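In: structural data only, the sequence is not supplied:
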């Protein structure tokens with residue numbers, strides 16, 4: 001039964017796979033007929049795998065995923081599952097000791113996972129004519145169910161990190177597409193994990209870091225936002241993207257906003273460039289497609305005089321597609337907004353005082369002394385509904401939907417200037433969502449000659465594709481003449497000529 005070419009057995013297996021009724025259940029039986037039938041079946045059954053993996057399941061996974069079977073794998077989605085907690089610890093927030101234990105478990109799981117994938121390239125088992133390319137998605141992390149407090153997840157205020165600097169992780173050349181995300185399960189990766197793992201994927205071409213948080217994951221504990229931002233910058237600056245990366249997407253977590261009129265904490269001082277945006281820009285400076293979203297400042301795409309950055313002009317020189325997605329209301333790390341609000345509600349002063357108080361407190365689970373623990377738990381108990389956004393009497397007030405002319409024009413001008421410095425640029429977009437009945441975004445799109453605009457924009461506005469085109473979707477608001485001149489001048493340093501400016505009807509956006 002093994003005398004035919006392997007392609008024949010693969011073809012038979014494909015018919016069985018697409019047949020109706022009992023065929024899927026017949027595949028294991030077909031695999032026992034002969035070695036080549038087994039290979040044909042395994043090429044289909046091990047092509048796409050979604051697997052939750054805990055420490056106790058690792059050995060079984062490693063035994064099943066032999067190098068030969070691994071050669072068939074095209075997409076692997078792994079949900080990292082951490083050990084459960086004893087019942088007597090349910091409802092208690094994780095401590096530093098708990099976090100260290102979880103970090104160790106996650107490190108062991110991912111280290112062995114990478115070693116398993118690397119083993120697929122074993123020269124003895126490798127079919128060089130069929131060397132497959134792998135998409136790797138790391139999701140989670142997830143804790144096994146326990147008798148937790150139904151109101152607050154035990155791990156709500158914890159970031160899962162790795163206890164390794166990656167030196168004991170093997171490189172994994174097989175992966176060409178990599179993504180990591182939190183999966184909305186209440187537990188978060190430390191953002192430092194994403195750059196460390198990406199650095200080990202030596203041939204990866206597409207990278208996606210979904211590092212954003214659900215709107216109320218850790219609520220108004222802005223001290224955790226600071227930890228998050230510091231960890232992200234540290235992780236990026238300690239590694240480099242593999243030279244193979246072409247497409248890069250990252251969404252950064254934004255602080256929780258309970259009200260349109262809420263005061264924002266200042267993570268950077270006015271006029272000082274945001275280190276998160278600068279780190280991401282430096283990281284992606286050689287990528288072909290770049291998409292950055294979340295809590296970013298305009299210094300992400302244009303640097304002020306306060307930053308010692310020798311690569312300001314040279315970044316994104318090979319980038320053809322750039323997308324910047326600013327957070328709701330255009331909130332910025334310097335504590336400002338791109339959109340203004342009308343008359344402030346009379347209760348706003350009290351609300352602002354509570355927000356500033358939250359900024360100066362760490363949540364339960366980060367205490368060193370018993371006195372600190374009691375104080376943290378007391379503050380949490382006293383402000384629970386406010387901190388986590390569970391109270392019914394949220395601060396009401398007018399919507400934040402009035403563009404701040406000075407800040408909006410400065411942001412748009414900076415974006416236009418960045419586009420003019422990118423010789424390979426084909427398409428760029430800047431967008432921000434704000435309070436509106438339709439919840440449509442403010443957007444500005446830039447298209448290079450011979451790059452088609454979306455929908456029928458080019459046709460409807462009679463803007464020939466031989467020219468640069470800029471489309472604004474900004475409702476009834478209009479940029480200043482100086483801002484428009486900056487967009488008109490985008491082709492000047494590149495192709496010569498001027499951009500054609502058009503304003504899209506409200507609701508016509510991409």
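Out: In hand now; what should we look at? Everything numeric here is computed off the predicted structure, so don't read it as measured data.
In: isn't residue 319 right next to residue 287, touching?
Out: Yes: using CB atoms under 8 Å, residue 319 makes contact with residue 287 at a distance of 6.2 Å. From N, CA and C alone the C-beta is placed, and that goes for glycine too.
In: need the contact list for residue 247.
Out: Shown in contact with residue 247 (CB atoms under 8 Å, 6 or more residues apart in numbering): 205, 206, 207, 287, 288, 289.
In: for the stretch 51-200 of the chain, which spans come out with low pLDDT?
Out: 87-91, 122-132, 143-153, 183-186 (pLDDT under 70).
In: for it, just list every one of the strands.
Out: Ranges of strands in the stretch 51-200 of the chain, per DSSP state E, counting those that start in this stretch, are 75-82, 134-143, 159-160, 175-181, 188-189.
In: same check, this time on the stretch 401-510 of the chain
Out: Counting by DSSP E, counting those that start in this stretch, the stretch 401-510 of the chain has strands at residues 427-433, 441-447, 469-473, 500-503.
In: what residues of the second one count as buried?
Out: Applying a neighbour-count criterion of 16 or more other CB atoms under 10 Å, one finds 441, 442, 443, 444, 445, 446, 447 buried in strand 441-447.
In: what packs against it?
Out: If contacts are counted by 3 or more CB pairs under 8 Å, 6 or more residues apart in numbering; DSSP states H and E, strand 441-447 sits against helix 405-420, strand 427-433, strand 469-473.
In: out of those, flag the one nearest residue 323.
Out: Among these, strand 427-433 comes nearest to residue 323, with 5.0 Å by CB to CB.
In: orientation of that closest one relative to helix 405-420 in degrees?
Out: Following axes from the mean of the first three to the mean of the last three CA atoms, to 10 degrees, one obtains 160 degrees for the angle between strand 427-433 and helix 405-420.
In: now do strand 427-433: everything it contacts.
Out: 320-330, 338, 411-412, 415, 419, 422, 439-448, 451, 510.
In: for the buried ones among the residues you listed, write the corresponding ChimeraX selection.
Out: Those of the contacts of strand 427-433 that count as buried under 16+ other CB under 10 Å are selected in ChimeraX with:
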select :320,321,322,323,324,325,326,327,328,329,330,338,411,412,415,419,422,440,441,442,443,444,445,446,447,448,451
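In: so which bits of stretch 369-386 are buried?
Out: Buried positions in stretch 369-386, judged by neighbour count with 16+ other CB under 10 Å: 373, 376, 377, 379, 380, 383, 386.
In: helix or strand right after whichever helix or strand the first one is part of?
Out: It refers to residue 373. In this assignment (DSSP states H and E), residue 373 forms part of helix 370-382. Using DSSP H and E, the helix or strand that follows helix 370-382 in sequence is helix 384-388.
In: what's the mean pLDDT across that following helix?
Out: Here helix 384-388 scores 74 as its mean pLDDT.
In: could you check how far that helix is from the centre of its chain?
Out: Distance, stretch centre to chain centre, for helix 384-388: 26 Å (CA atoms, centre = their mean, to the nearest Å).
In: contacts for the helix holding residue 373?
Out: Here helix 370-382 makes contact (CB under 8 Å, 6+ apart) with 361, 362, 363, 364, 365, 366, 367, 387.
In: and the gap between the fourth one and residue 92?
Out: Between residue 364 and residue 92 the computed distance is 8 Å (CB to CB, to the nearest Å).
In: which one's more surrounded, these two?
Out: The residue with more neighbours, out of residue 364 and residue 92, is residue 364; 24 against 15, by other CB atoms under 10 Å.
In: now do the SS call for that one.
Out: Under DSSP: H, G, I helix; E, B strand; the rest coil, residue 364 falls in the coil class.
In: now the strands of the stretch 401-510 of the chain in CSV, with distance to residue 83?
Out: Output for these, formatted as CSV (distance: least, CB to CB, whole Å):
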stretch, distance to residue 83
strand 427-433, 39
strand 441-447, 42
strand 469-473, 49
strand 500-503, 57
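In: nearest to residue 166 among the ones you listed would be which one?
Out: For those, the distance to residue 166 is smallest for strand 427-433, at 33.3 Å, taking CB to CB.
In: the inter-axis angle of that closest one versus strand 441-447?
Out: 170 degrees.
In: and strand 427-433, how far out from the chain's middle?
Out: Chain-centre distance of strand 427-433: 17 Å, with CA atoms, centre = their mean.
In: list the strands paired with that strand, with their directions.
Out: strand 321-326 (parallel), strand 441-447 (antiparallel) (DSSP bridges).
In: let's have those strands in CSV, adding mean pLDDT and distance to residue 97.
Out: Below are the strands paired with strand 427-433 laid out as CSV (pLDDT from 0 to 100; distance: least, CB to CB, whole Å):
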stretch, mean pLDDT, distance to residue 97
strand 321-326, 96, 38
strand 441-447, 95, 44
